[in-house]
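Asks: Sequence first, then the predicted structure:
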Amino acid sequence: MNIVNKKIDLGDGKVIHIETGKLAKQADGAVVVRLDDTMLLATIVSSKDVREGVDFLPLTVDYREKFASTGKFPGGFLKRETRPSDDEILTMRLVDRALRPLFPDDYHAGTQVMVQLMSSDKKNIPDALVCLAASAAIAVSDIPFNGPVSEVRVSKKDGKYTINPTFEELEGAELDMMIAGTLDSVVMVEGEMAEVSEADMLEAIKEAHKAIKVHCQVQMELASEVPSSKVKREYSHENHNDELRAKIKDMAYQKYYDITAQGLSDRYERNRQYSEVKDAIKAELSEEELGEEQVGAYIKGAMKSAIRQVVLDSSNRMDGRAMDEIRPIWSEVGYLPGCHGSALFQRGETQSLTTLTLGSSLDVQRKDGALVAGEDTFLLHYNFPPFSTGEERPIRGIIRREVGHGNLAYRALKSQLPDAVDNPYTIRLVSEILESNGSSSMATVCAGTLALLDGGIKMKKPVSGIAMGLISDGKTYKVLSDILGDEDHLGDMDFKVTGTADGITACQMDIKIDGLDYSMLEDALNQAKAGRLHILGKIMETMSAPREDYKAHVPRIQKIEVPSDAIGGIIGKGGETIQAMQADTNTKISIGDEDENGNALVEIFSEDAEGMDEALKRINAIAFPPVAEVGETYSGKVKNIVAFGAFVEILPGQDALLHVSEIAWERVEKPEDYLKQGQEIEVKVIGKDPRNGKLKISRKALLPKPEAKPQD
């Protein structure tokens, strides 16, 4: 057994160990990455053959957190891990975005990367180690890869940047970013911030890249000691004809250049002219040339090269806009009258219809993962149906892209929601993308802000977002604001930035060029700020402040703190009291956990104002029972009839004995002849038993006293 170990010293006593040669030896590559007692197993397997007709890299990245790693059983009925959680999916996306660009463009073998959290010390955050583990597994394999690559988390707290902070160190940080990179370049950025400046964000990227370089160097040292990694496998997944490629470029380049230089704003007319060029080229090729499998790729290559060059030569974009020009924007609030809040946001050919729903504490999103358990009172869901791009395709559940785009918008808005004191509701936003041609996630941020304002949510500050692009030939570059879908595919970098007027709240970047200059990135961020503020201004023209009150049909919430020893009385035996209360008053009632002061929070949720008042009255009566006064009259319910009288509930939870002698003026032999269980009767408190302090009540004291019969 050839076991190789390497370590990375992070400073502050943190050391990452990478080991290969002990586990999963039938995989093409396998490593164990360990930080303290947190351990990840990463494997990679890539097919030796290519499936027929595949002209791309079928890469699957899978990440799972085993419940056994933290000594837990999976929640729910089925006690085994099933579908991945959203948090696991988001980690998969982060790693995929870092790895995918580094495989050779002509490598098309099915490839599967699997990373599993096998042990956790519940202190270190494992997602910051997943990309390192995946890249190290590739490094010790014979699979061709232009890495190594690694990924770190960087936080900023109290003016200090920390690489791979622990859960405790991350708590309260003003910046939380995941950065991926190689020895030479940063390739991926994603994170959330508390309105930080562009300069702070740039500094965080620089700090992260310093650590990434160390990770990459150690991976190279690890691979150098593993014999199987020294010779990469040979493959031939594409057959190229350089002569035909050059011929097609000569035929197509100038035509595509001229069409693009027109700056046609009509997408359909532009695409029609592009299609005519493609058809004309194919018509001029021989049958033998048309039979070449790369013909389509050569035509696309010529088109991409021409469009990019137009931008670099003339600062003219394919739709005629200037580099920093934002497409036309319009928006509308209250479009869906039955919703608690709604907004339509359109920018160019991208449209989001976003709805707001306000719920009670019973509607929170409960999380029960291997590491993360708790409740989330803010939910944001993003849907991208095929008709939004004019496509027809089967719908097979939520895809990873929808989870990722929704999470970006969630992080953008989260920090600007009101505190719990000012917002009693669980908030759910749902963005339905109805049209898409570039940056629907940023449209979701803008529509989300408007829907929150329309619903009366007192946001701290409104948030907007913009998608940016960059095109470079290595000598010069152009930064593009508010990119189209086609510009996203053609560019060397696409990044999305969200924020308020005072700073950045979230970002996401994918960088496709080597050696990105930080001054270039700084220019891009500053141009993004200008665009973001322009879009924010357009939002404010539609709605600049939240509604004074929630809409009339929004359920209201009342909250009351009660002593914890009153909870039993509110719930009742087997839940009898609270269930009856909810049914009688048309409310939903939830009870929180006991706090440090021995109190619990009771929440009443209802669209019925009268019902809410009645429920509140009943709860108050149980939690803070009034004291019955001697001489006062009360309306009570007969709870139980016995031979010597009846027990009457004169106040909620407070019974008193109505003695048989106090039921009526005449002699009562059988109380049931006068009273029925459940009957409401008027009684008067006539005193207290000196022996036990129990109340004495009378019914007859409220009845007319019969006249005395005359004596013979």
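Replies: Right, received. Where do you want to start? Residues are numbered from 1 along each chain as shown.

Asks: from here on, contacts and neighbour counts on C-alpha atoms
Replies: Will do.

Asks: OK, contacts around residue 293?
Replies: residue 239 (CA atoms under 8 Å, 6 or more residues apart in numbering).

Asks: How about the secondary structure of it?
Replies: Three-state assignment for residue 293 (DSSP: H, G, I helix; E, B strand; the rest coil): coil.

Asks: Which helix or strand contains residue 353?
Replies: Using DSSP states H and E, residue 353 maps to strand 350-359.

Asks: which stretches of this structure have low pLDDT?
Replies: 1, 515, 653, 708-712 (pLDDT under 70).

Asks: then stretch 80-95 to CSV, C-alphas only?
Replies: Listed next in CSV are the C-alpha coordinates belonging to stretch 80-95 (Å, rounded to 0.1, in the frame of the first residue of the first chain):
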residue,chain,number,x,y,z
ARG,A,80,-31.3,7.0,5.5
GLU,A,81,-29.9,9.7,3.4
THR,A,82,-32.0,10.4,0.3
ARG,A,83,-32.1,13.4,-2.1
PRO,A,84,-29.4,16.1,-1.5
SER,A,85,-30.4,19.2,0.6
ASP,A,86,-30.3,22.6,-1.0
ASP,A,87,-27.0,23.3,0.9
GLU,A,88,-25.4,20.2,-0.6
ILE,A,89,-26.6,21.2,-4.0
LEU,A,90,-25.1,24.7,-3.6
THR,A,91,-21.8,23.2,-2.7
MET,A,92,-21.9,21.0,-5.7
ARG,A,93,-22.5,24.0,-7.9
LEU,A,94,-19.6,25.9,-6.4
VAL,A,95,-17.2,23.0,-7.0
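
Asks: What are the buried residues along that stretch?
Replies: By neighbour count, and taking 16 or more other CA atoms under 10 Å as the criterion, the buried residues in stretch 80-95 are 81, 87, 88, 89, 90, 91, 92, 93, 94, 95.

Asks: Check which helices and strands the strand holding residue 353 is in contact with.
Replies: In terms of contacts (3 or more CA pairs under 8 Å, 6 or more residues apart in numbering; DSSP states H and E), strand 350-359 is packed against strand 341-347, strand 426-435, helix 440-454.

Asks: The last one to strand 426-435, inter-axis angle?
Replies: Put plainly, it is helix 440-454. Counting by axes from the mean of the first three to the mean of the last three CA atoms, to 10 degrees, helix 440-454 points 130 degrees away from the direction of strand 426-435.

Asks: re the thing from before, which stretch among the helices and strands packed on strand 350-359 is buried most, on average?
Replies: Comparing the helices and strands packed on strand 350-359 by mean neighbour count (mean count of other CA atoms under 10 Å), helix 440-454 comes out on top with a mean of 30.

Asks: continuing past that helix, what's the next helix or strand?
Replies: Proceeding N to C from helix 440-454, the next assigned helix or strand is strand 464-472, under DSSP H and E.

Asks: check which helix or strand covers residue 268.
Replies: helix 267-284.

Asks: Tell me how far that helix lies from the chain's centre.
Replies: Between the centre of helix 267-284 and the centre of its host chain there is 41 Å, according to CA atoms, centre = their mean, to the nearest Å.
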